[in-house]
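**Student:** Sequence and predicted structure, then a few things I'm wondering about:
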Amino acid sequence: MKAMLLEHPGRPLRLADIPRPVPGPGELLLQVKACAVCRTDLHVVDGELPDPSLPLVPGHEIVGVVIEAGPGATRFAPGTRVGVPWLGWTCGTCSFCRSGAENLCAAARFTGYTRHGGYAEYTVADQRYCFALPDSYDDVHAAPLLCAGLISHRAYRMATERAPGDGVTRLGLYGFGAAAHLLAQVAVSEGRSVYAFTRPGDTPAQAHARGLGAVWAGGSDHAPPEPLDAAILFAPVGALVPAALRVVRPGGVVVCAGIHMSDIPAFPYSLLWQERVVRSVANLTREDGEAFLAHAARTPLRVDAVPYRLEDANAALDDLREGRVQGAAVLVPGL
């Protein structure tokens with residue numbers, strides 16, 4: 001099969017012919033129909049996340065069709081379309097797994113990082129960590145739901161469940177890319193006001209945000225017209241943490257939604273005082289996935305996706321890195 005291989009972090013991926021994988025016990029062999037390109041893929045490819053399993057097939061927002069089931073894999077029949085997310089395996093026995101916090105399992109394995117992912121014509125996945133997908137989304141538009149959608153759902157829950165007083169009616173989103181463009185629609189559908197922060201001067205992204213229901217959009221160097229109840233940071237820029245703290249009200253919550261972020265600079269305690277909260281989100285749980293995909297089935301989301309050929313993965317990564325993609329880049333084998 002054809003696959004895009006990461007052999008050395010910091011270097012471009014290489015198009016290679018490698019053996020088609022064989023599903024082991026509890027695993028499914030999938031023919032990849034689409035794989036969205038995530039900012040976490042950039043962190044893996046650029047060497048910002050340590051110790052990937054090399055050589056590696058990246059990609060963790062996979063839509064595939066079951067071709068073959070390994071021994072004991074009975075959850076999905078051949079021919080079924082499924083989605084594969086970042087969290088690809090956990091031990092199932094540690095205290096985190098037993099308490100519903102499997103996203104914190106120390107032995108967890110991750111799709112496109114410590115196990116091969118979807119920048120390929122075929123991949124294998126643990127059947128326990130595959131999701132049924134809503135029929136209302138085609139392959140290209142379903143792929144971004146599997147990380148941009150899932151991680152934004154978890155971050156949204158962390159932001160909205162923890163704000164005191166009247167709760168969260170004004171929500172800030174920093175970095176208006178694949179995740180924020182989906183979450184903005186969810187928040188607006190639930191009656192919240194969305195304030196979108198982009199790179200300074202990025203007027204196309206600001207227009208994109210307003211087109212999806214944001215009541216205000218501006219550069220991250222600007223303050224919104226009124227204090228926010230909560231803010232979610234999708235941009236991996238540590239300096240945005242104190243910037244967000246400056247614009248959330250007392251008791252407000254700032255959620256860092258990325259796996260990797262540049263260092264957070266020192267800031268005065270006065271920004272954190274009055275019971276403001278800064279917290280991170282790590283990975284996702286299967287419960288998060290089921291809840292978000294059920295919401296996406298009930299409330300149709302506009303998924304802005306730009307398809308690329310599998311062999312153009314490096315161009316897709318470059319476009320994402322430089323902010324040239326409105327929505328999500330999606331690799332399509334055979335395009």
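**Tutor:** That came in fine, so what should we check first?
**Student:** Okay, now the sheet partners of the longest strand seen in the chain, with direction.
**Tutor:** Ordering each strand of the chain by length in residues (DSSP state E) puts strand 27-37 first. Using DSSP bridges, the strands paired with strand 27-37 are strand 61-69 (antiparallel), strand 122-126 (antiparallel), strand 328-332 (antiparallel).
**Student:** quick one, which of these is nearest to residue 177?
**Tutor:** Smallest distance to residue 177 across the strands paired with strand 27-37 (C-beta to C-beta): 7.7 Å, for strand 328-332. The C-beta positions use only the backbone N, C-alpha and C, and glycine is treated the same way.
**Student:** Now do the longest strand of the chain: distance to the chain's middle.
**Tutor:** 16 Å (C-alpha atoms, centre = their mean, to the nearest Å).
**Student:** C-alpha coordinates for that strand, CSV please?
**Tutor:** Extracted as CSV, the C-alpha positions of strand 27-37 are listed here (Å, rounded to 0.1, in the frame of the first residue of the first chain):
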residue,chain,number,x,y,z
GLU,A,27,-8.3,-5.2,15.6
LEU,A,28,-9.9,-4.1,12.4
LEU,A,29,-8.2,-3.6,9.0
LEU,A,30,-9.6,-0.4,7.4
GLN,A,31,-9.4,1.0,3.9
VAL,A,32,-8.8,4.6,4.6
LYS,A,33,-11.4,6.9,2.8
ALA,A,34,-10.3,10.2,4.3
CYS,A,35,-7.9,11.4,7.1
ALA,A,36,-8.0,15.0,8.3
VAL,A,37,-4.8,16.9,9.0
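**Student:** sec struct for the residue nearest to residue 271 when sequence neighbours are not counted, please.
**Tutor:** Sequence neighbours aside, residue 245 is the residue nearest to residue 271 in space, at 4.1 Å (criterion: C-beta to C-beta, 6 or more residues apart in numbering). Here residue 245 is recorded as helix under DSSP: H, G, I helix; E, B strand; the rest coil.
**Student:** Let me see the contact set for residue 245.
**Tutor:** 254, 267, 271, 272, 276, 278 (C-beta atoms under 8 Å, 6 or more residues apart in numbering).
**Student:** Now, of the residues you listed, which are buried?
**Tutor:** 254, 271, 276, 278 (16 or more other C-beta atoms under 10 Å).
**Student:** can you pull the contacts of the second one?
**Tutor:** Put plainly, it is residue 271. Applying C-beta under 8 Å, 6+ apart, the residues near residue 271 are 242, 245, 246.
**Student:** how about TSV for the strands paired with strand 27-37, with distance to residue 220 added?
**Tutor:** What follows is the strands paired with strand 27-37, written out as TSV (distance: least, C-beta to C-beta, whole Å):
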stretch	distance to residue 220
strand 61-69	25
strand 122-126	36
strand 328-332	21
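**Student:** would a markdown table of those with distance to residue 116, mean pLDDT and mean neighbour count be doable?
**Tutor:** A markdown table is the format used below for the strands paired with strand 27-37 (distance: least, C-beta to C-beta, whole Å; pLDDT from 0 to 100; neighbours: other C-beta atoms under 10 Å):
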| stretch | distance to residue 116 | mean pLDDT | mean neighbour count |
| --- | --- | --- | --- |
| strand 61-69 | 10 | 98 | 23 |
| strand 122-126 | 6 | 98 | 25 |
| strand 328-332 | 14 | 97 | 26 |
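**Student:** Out of those, flag the one nearest residue 238.
**Tutor:** strand 328-332 (24.0 Å).
**Student:** any residues touching the closest one, and which ones?
**Tutor:** 4, 33-37, 59, 61, 118-119, 139-140, 143-144, 148, 177-178, 181, 303-310, 312-313, 316, 319-320.
**Student:** Inside strands: which ones of those residues?
**Tutor:** 4, 33, 34, 35, 36, 37, 61, 305, 306, 307, 308, 309.
**Student:** wait, which of those residues is closest to residue 81?
**Tutor:** residue 33 (7.4 Å).
**Student:** Tell me, how many residues neighbour the closest residue to the closest one other than its chain neighbours?
**Tutor:** Once flanking residues are discounted, residue 33 sits nearest to residue 139: 4.1 Å by C-beta to C-beta, 6+ apart. Other residues near residue 139 come to 20 when the count uses other C-beta atoms under 10 Å.
**Student:** Please look at residue 139 and residue 32 and confirm they touch.
**Tutor:** No - applying C-beta atoms under 8 Å as the test, residue 139 and residue 32 come out as separate, 9.3 Å apart.
**Student:** residues contacting the nearest residue to residue 86 once chain neighbours are set aside?
**Tutor:** Nearest non-adjacent residue to residue 86, counting by C-beta to C-beta, 6+ apart: residue 60, 4.4 Å away. Applying C-beta under 8 Å, 6+ apart to residue 60 gives the contacts 38, 40-41, 84-86, 88, 110-113, 117-118, 146-147.
**Student:** Let me see the backbone angles for residue 60.
**Tutor:** phi -140, psi 20 (degrees, to the nearest 10).
**Student:** Report the separation between it and residue 189.
**Tutor:** To residue 189, residue 60 is 26 Å away according to C-beta to C-beta, to the nearest Å.
**Student:** one step back: which one (most neighbours) among the contacts of residue 60?
**Tutor:** Most surrounded of those: other C-beta under 10 Å gives residue 118, at 34 neighbours.
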